[in-house]
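S.K.: Sequence first, then the predicted structure:
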Amino acid sequence: MTLDRAVMIFAGCVVLLSVALGVFVNQWWLALTAFAGFNMIQSSFTGFCPAAIVFKALGVKPGASFK
């Protein structure tokens, strides 16, 4: 698995989990969805992604986007 795939899988899981928590627990969990979306947008412009840094430190091999 490459770093790009790991980041996208993680982002997708965060979005799905926060939507489920927003529906079943408290609507304020939807703020996590907004944060994840904002982070994806800013990383597409800047190339900086905190999740990519963490996955890289864990030894996930680089992909095309996050090096």
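M.R.: Now that the structure is in, tell me what you want to look at. Computed from a prediction, not measured in an experiment: that's the story for all the values here. Numbering: from 1, shown residues only.
S.K.: ok, residues contacting stretch 52-66?
M.R.: Residues from elsewhere that reach stretch 52-66 (CB atoms under 8 Å, 6 or more residues apart in numbering): M1, T2, L3, D4, R5, A6, V7, F10, S43, G47, C49. For glycine as for every other residue, the C-beta is placed from the backbone atoms N, C-alpha and C.
S.K.: repeat that with 7 Å
M.R.: M1, T2, L3, D4, R5, A6, V7, C49 (CB atoms under 7 Å, 6 or more residues apart in numbering).
S.K.: Put together JSON lines for those residues, with pLDDT, secondary structure and neighbour count on each row.
M.R.: Listed next are these as JSON lines, based on pLDDT from 0 to 100; DSSP: H, G, I helix; E, B strand; the rest coil; neighbours: other CB atoms under 10 Å:
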{"residue": "M1", "pLDDT": "91", "secondary structure": "coil", "neighbour count": "10"}
{"residue": "T2", "pLDDT": "94", "secondary structure": "strand", "neighbour count": "15"}
{"residue": "L3", "pLDDT": "93", "secondary structure": "helix", "neighbour count": "22"}
{"residue": "D4", "pLDDT": "92", "secondary structure": "helix", "neighbour count": "18"}
{"residue": "R5", "pLDDT": "94", "secondary structure": "helix", "neighbour count": "13"}
{"residue": "A6", "pLDDT": "95", "secondary structure": "helix", "neighbour count": "20"}
{"residue": "V7", "pLDDT": "94", "secondary structure": "helix", "neighbour count": "23"}
{"residue": "C49", "pLDDT": "93", "secondary structure": "coil", "neighbour count": "22"}
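S.K.: list the contacts for the most centrally placed residue in the chain?
M.R.: Central residue of the chain (CA atoms, centre = their mean): A11, 2.8 Å from the mean position. By CB under 7 Å, 6+ apart, the residues touching A11 are A36, M40.
S.K.: next helix or strand past the helix or strand hosting it?
M.R.: Using DSSP states H and E, A11 sits within helix 3-24. Sequence order places helix 30-46 as the next helix or strand after helix 3-24, per DSSP H and E.
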